[in-house]
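**Q** Dropping the sequence and predicted coords here.
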Amino acid sequence: MDHFIKDICEEIGPRLGTYSQEKEAGLKIKGILEKKVDEVALEDFNCHPAAFLDFTRVAWIAIIIGTLFFWWLPIVSSVLYLYALSIFVFEQMFLKEYVDFFFPKRMGTNVIGKLKAAKEPKQIVICSGHHDSAYEFPLFAKFKSKFGLLAYFTASTIILSALASITKFILDLYTLSSLGTNIPLLCLPLLCIGMTSYLTFQLHSKMVIPGANDNLSAVAVVLALAHHFASQRLKNIELWFISFSCEECMRGSKRFVQKHYEELKNSKTINFDMVGRGEICIISAEPYYTTKHSFDFAREIQKSTDLPIKVVRFGGTDAASFSKKGLKAVSLVGLTPHNYPDTWHELTDTPKIIEPAKLDKTFEATIKYLKDLDSSLN
């Protein structure tokens, strides 16, 4: 597993979703899977990857225009502020591709390998990771576990600006406005402009991280599992080994679930993310993506592995795409003591930071769970 991570980082390097390096990594993963499993496919899909982060620019423009209207038409301001807030909520928290049409369309490619059960399959279990890597987040390196607070505080200034504009509209309606009321109310939109400007233009740089932990560590575990079970097939479980494209814009797994939903109604998905560092945990919820995973499924895995069940405090994983559609899914993630990912979207995410023992722990725990599940299906 460690060799695979080093190999991709050294030969291919950073892998921004839909770009040539990501596609090259996908082809390499496909070549490895072809030697292990019964069937491998590449599945192309279209998406607008830039929208997932640069939605902030659309919201920022709406806020600027809203503030220009604040003094004379505050009701227009309130509508624009609420629109800006809705962009944040629907684009990020509900993953609705709300403003994607503003951004260029590109093609991503998921890699899917299937290993048949030794007997008639009674269960499909997906083991997944993603092979794209992210833009550097300088703000995360600066704020670490407080980064989430920065994002939520910025969103709160949009709410306060909407309330300020509604208040000014009511005061204007009853001819109660004055400089003494208007100037303090205007301070909230100005604060909002400052915060959204800071977040919009500092959120990510143009540098793309090597992505050793996020998320070649997961793909390495997925490939190791394919190697293991190719020679020790499970009797009752058909295993799908998937490396998603475009996780950093949450589109690859979403397109996969949309395409295969009918096949997956009785499936279980174990997604891996950043398992090369930190405490390996079973993630039962991703509040930032307004997602709760199957707690029964999490407990089932815990019973076999003794891994702790936790909630990731900010960000999310491909498991959200499954759980949002009512499919059973969890993620195994390496977390810091603050329940945040380690070295998230930082340029220091190189093979040097990978702890092989964490890869081994994830690999062995998954094998234990899958064998226990297979036995229970006899």
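**A** The structure has been received and is ready for your questions. Residues are numbered from 1 along each chain as shown.
**Q** so how far is D7 from V221?
**A** Remark: distance between V221 and D7 (Cβ to Cβ, to the nearest Å) = 15 Å. For the C-beta atoms, the positions are set from N, CA and C on the backbone; glycine is no exception.
**Q** Looking at those two now, which is surrounded by more residues?
**A** For the pair V221 and D7, the greater number of neighbours falls to V221 (28 against 14), based on other Cβ atoms under 10 Å.
**Q** and that one, what element?
**A** For V221, the element it lies in under DSSP states H and E is helix 217-231.
**Q** Could you name the helices and strands sitting against that helix?
**A** helix 2-11, helix 20-34, strand 106-115, strand 123-130, strand 237-244, strand 268-273, helix 356-376 (3 or more Cβ pairs under 8 Å, 6 or more residues apart in numbering; DSSP states H and E).
**Q** what's in contact with the longest one?
**A** Going back to what we said before, that points to helix 356-376. By Cβ atoms under 8 Å, 6 or more residues apart in numbering, the surrounding residues in contact with helix 356-376 are 1-2, 123, 125, 127, 217, 220-221, 224-225, 228-229, 234-237, 239, 268, 270, 272, 275-278, 280, 300-301, 303-305, 307, 332, 334.
**Q** for the shortest one, same thing?
**A** Contacts to strand 268-273, defined as Cβ under 8 Å, 6+ apart, come from residues 123-130, 214-215, 217-218, 221-222, 247, 253, 297, 301, 317-319, 322, 327-333, 341, 362, 366, 369, 373.
**Q** if you set the cut-off to 7 Å instead, what comes out?
**A** Strand 268-273 has contacts (Cβ atoms under 7 Å, 6 or more residues apart in numbering) with 123, 125-129, 215, 218, 221-222, 297, 317-319, 322, 327-333, 362, 366.
**Q** same check, this time on the fifth one
**A** Among residues not part of strand 237-244, those counted as contacts by Cβ under 7 Å, 6+ apart are 26, 29, 33, 37, 110-117, 121, 123-131, 219, 222, 225-226, 229, 252-253, 256, 318, 370, 373-374.
**Q** repeat that with 8 Å
**A** Residues external to strand 237-244 that are found in contact with it (Cβ under 8 Å, 6+ apart): 26, 29, 33, 37, 110-117, 121-132, 219, 222-223, 225-226, 229, 252-253, 256, 267, 318, 370, 373-374, 377.
**Q** now those: which count as buried?
**A** For the contacts of strand 237-244, a burial check counting by 16 or more other Cβ atoms under 10 Å picks out 26, 29, 33, 37, 110-115, 117, 121-132, 219, 222-223, 225-226, 229, 252-253, 256, 267, 318, 370, 373-374.
**Q** And the strands in the protein?
**A** 39-47, 106-115, 123-130, 237-244, 268-273, 279-286, 291-292, 309-311, 328-335 (DSSP state E).
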